[in-house]
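In: sequence and predicted structure, then a few things I'm wondering about:
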There are 2 protein chains.
Amino acid sequence: MLEPGATIGILGGGQLGRMIALAAARLGLKSHILCPEADSPAFQVAAGHICAAYDDAAALAELARVSDVVTYEFENVPLATAEFLSARVPVRPGARALALTQDRLAEKSFVRELGIETAPFVAVDDLAGLAAGIAAIGTPAVLKTRRFGYDGKGQVTLRAGDDLAAAWTAIGRQSAILEGFVSFRREVSVIGVRRADGAFAAYDVTENVHRNHILHTSTVPANLAAETEKAAHRIAWQIGRAMDYVGVFAVELFVAERGMSETVIVNEIAPRVHNSGHWTMDGAMTCQFEQHVRAIAGWPLGDTARLGPVEMLNLIGDDIADWQSHLADPAAHLHLYGKGEARPGRKMGHVNRMLDRIPQGC
Amino acid sequence: MLEPGATIGILGGGQLGRMIALAAARLGLKSHILCPEADSPAFQVAAGHICAAYDDAAALAELARVSDVVTYEFENVPLATAEFLSARVPVRPGARALALTQDRLAEKSFVRELGIETAPFVAVDDLAGLAAGIAAIGTPAVLKTRRFGYDGKGQVTLRAGDDLAAAWTAIGRQSAILEGFVSFRREVSVIGVRRADGAFAAYDVTENVHRNHILHTSTVPANLAAETEKAAHRIAWQIGRAMDYVGVFAVELFVAERGMSETVIVNEIAPRVHNSGHWTMDGAMTCQFEQHVRAIAGWPLGDTARLGPVEMLNLIGDDIADWQSHLADPAAHLHLYGKGEARPGRKMGHVNRMLDRIPQGC
């Protein structure tokens, strides 16, 4: 168990690392960030930082030396990095969560083996395999690299008659997974948190809308049947337990209609704090970042109770230009990430609007 | 008006500077702290810091160079420092608020000139003046240095028959103020915020309990008549306007019984964020630290609405040893300041307990 004053090492200096560091600071903990980019947003709020590559052994040894526990803000931490650190300092969540979630095929297989529904999928290792996959799954389908994809990168949608060779080339002729389309009513996610002793908690399910493969809004409560909400929580608990997970994680789900009832289908697991949990910063008793810190510190989990209905709006690229109108909205909490340039697709900040605080008649 | 990415210079690196820096970071602003102590808590969460004395001209020039606005966490900033900075960068709140509140006699006179009630007081410049003051005001009375007092330092209580020469020596034979005792029912405070254009907002009045001259608990709502709450807000508005104030400030008040009704008497003005406003971090739509940042940045003020009843408990010295029980309380938000040693009387953190979230029957 960490004592107040201890140091959390964080791999990754983006907005997630920054918000973990801010939560840690509220609890009297220090953060030390390792990130290769010199202008990393998390550097601005951390007690210390190391600007180095994730495979720089001297830098990693230094991070391990100054840290009482190490965590990460992104799932593509090289496994060798996690193992190098694990030999020197507790790394939470551990290498197993990384290994599973870095590989879309391993992740989907893991979920299916738990008896949880996923989209139909097949492994694709060459062009012939792709053709066989299309024959098995049909179209439309999505061809995705097994590794290093996020926000829609490294994937190609295939429709009837599409050129399979071109798609295979487009994703770089690397090990891939072909996934069938799921006809879903809505996209939701559940943010879970788990301690090393198995204690588990989850937040209310969030309903998500994506634009250009990037999260646009998250709204709680989701428009779901109570049993569906319960099923989503159970899935998160199962996945957390099977990964022997420590910390906060997200499970992205599709909600599909099956006759008269709803069913949930796991789309993706993120072994980290998650954009769809940002509403908890203003809308829950304990925010996801504090929860993550509590879990990796070996501290009691906080209350996940929701304080009201909330809509989280991402500020992507030029959306940041609206910062003044958000700031003037008494129902809104504005969060900006301290990033310099508003490049297209770049997450610059987010707004949590408390839907029960919007004046009637507006 | 500051733009996102701008830098706030902060004089003072204690918990108040730290919490201002954390609020600024949430809004995408950077902080640069100037403080003479190498282990200042605010250094841990700021983009930059300067470890130097408050009268170090080169250090002040550097702070002015990197800052878009400068603020402070304590009222005893040397006036020469404020003036040196003001010549180079906007300093908010300004030198006038410092001049008034650094001098207990000037402050009390200022309040009285606004037609607002204070305790009876007289200026004391020598032992004969002290004797004359006691004759005028009676005992018990409190002899306080005019300058540099806080948390009960620099003051002596005088009762009938006490040795006046000893008291005069105890406070260092310096310019002083003798204040009569006020028989009060309760101590309260109001946290106000004002923009340069005169826009003003205040939080619900907080009821405060001190122990050994240090704030122990603050509770909202205060147990007050509605008119008393309104009177306290009006006093804060008057004081803010008369000081041409920019930022957050606190007015400490005594509530006394006058026949059937309550009256409020100003005890002290603090030209800064204030310990009795820490409940706003979890109990109000906008916390006092964000409000201060908004006001000094020239941004719209946030909503001061209270979210529920709250009790703020200070963790002083060894109180910090209870951190685990606070962390395990689902109704509590724990805030720790990252200070190393728990010296007696040292503010180590605070806890905001949401009184409507405490389970029934406990």
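Out: Done, it's in. Numbering: from 1, shown residues only, chains lettered A, B, ... in the order given.
In: okay, and the beta partners of the residue in the stretch 201-350 of chain A that chain B sits nearest to?
Out: In the stretch 201-350 of chain A, the residue that lies nearest chain B is A:Leu336 (2.6 Å; C-beta to the nearest C-beta). From N, CA and C alone the C-beta is placed, and that goes for glycine too. With DSSP bridges as the criterion, A:Leu336 is bridged to A:Gly349, B:Leu27.
In: cool, and A:Arg186?
Out: Bridge pairing for A:Arg186 - DSSP bridges - gives A:Val255.
In: doesn't A:Thr206 make contact with it?
Out: No - between A:Arg186 and A:Thr206 there is no contact under C-beta atoms under 8 Å: 10.6 Å.
In: centroid residue for chain A?
Out: Centroid-nearest residue in chain A: A:His274, 3.5 Å away (criterion: C-alpha atoms, centre = their mean).
In: OK, contacts around the nearest residue to that residue once chain neighbours are set aside?
Out: Spatial nearest neighbour of A:His274, chain neighbours left out: A:Ala250 (3.4 Å); criterion: C-beta to C-beta, 6 or more residues apart in numbering or on different chains. Residues near A:Ala250 by C-beta atoms under 8 Å, 6 or more residues apart in numbering or on different chains: A:189-192, A:269-270, A:272-274, A:276-277.
In: whichever residue of the stretch 1-150 of chain A sits closest to chain B: how many residues sit nearby?
Out: Nearest residue of the stretch 1-150 of chain A to chain B: A:Gly28, at 2.6 Å (C-beta to the nearest C-beta). Neighbour count for A:Gly28, taken as other C-beta atoms under 10 Å in any protein chain shown: 23.
In: so which elements touch the helix or strand hosting A:Thr217?
Out: Assigned by DSSP states H and E, A:Thr217 falls within strand A:214-220. The contact analysis (3 or more C-beta pairs under 8 Å, 6 or more residues apart in numbering or on different chains; DSSP states H and E) places strand A:214-220 against strand A:206-211, strand A:310-316.
In: columns mean neighbour count, distance to chain B and mean pLDDT on top of those strands, output as JSON lines?
Out: Formatted as JSON lines, the helices and strands packed on strand A:214-220 follow (neighbours: other C-beta atoms under 10 Å in any protein chain shown; distance: least, C-beta to the nearest C-beta, whole Å; pLDDT from 0 to 100):
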{"stretch": "strand A:206-211", "mean neighbour count": "18", "distance to chain B": "21", "mean pLDDT": "97"}
{"stretch": "strand A:310-316", "mean neighbour count": "23", "distance to chain B": "10", "mean pLDDT": "98"}
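In: okay, these in JSON lines with distance to A:Val77 next?
Out: As requested, those are arranged in JSON lines below (distance: least, C-beta to C-beta, whole Å):
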{"stretch": "strand A:206-211", "distance to A:Val77": "24"}
{"stretch": "strand A:310-316", "distance to A:Val77": "23"}
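In: correct me if wrong: A:Ile358 contacts A:Ala331.
Out: Yes - between A:Ile358 and A:Ala331 there is a contact at 4.7 Å, judged by C-beta under 8 Å.
In: between the two, tell me which one has more neighbours.
Out: Legend: neighbour count by other C-beta under 10 Å for A:Ile358 and A:Ala331, higher for A:Ala331 (20 against 15).
In: and the more buried one, how far from B:Ala284?
Out: Distance from A:Ala331 to B:Ala284, counting by C-beta to C-beta, to the nearest Å: 14 Å.
In: list the residues that contact both of these two?
Out: In contact with both A:Ala331 and B:Ala284: B:Asp303, using C-beta under 8 Å, 6+ apart.
In: start to end distance for stretch A:320-340?
Out: Chord length of stretch A:320-340, first to last residue, is 11 Å (C-alpha to C-alpha, to the nearest Å).
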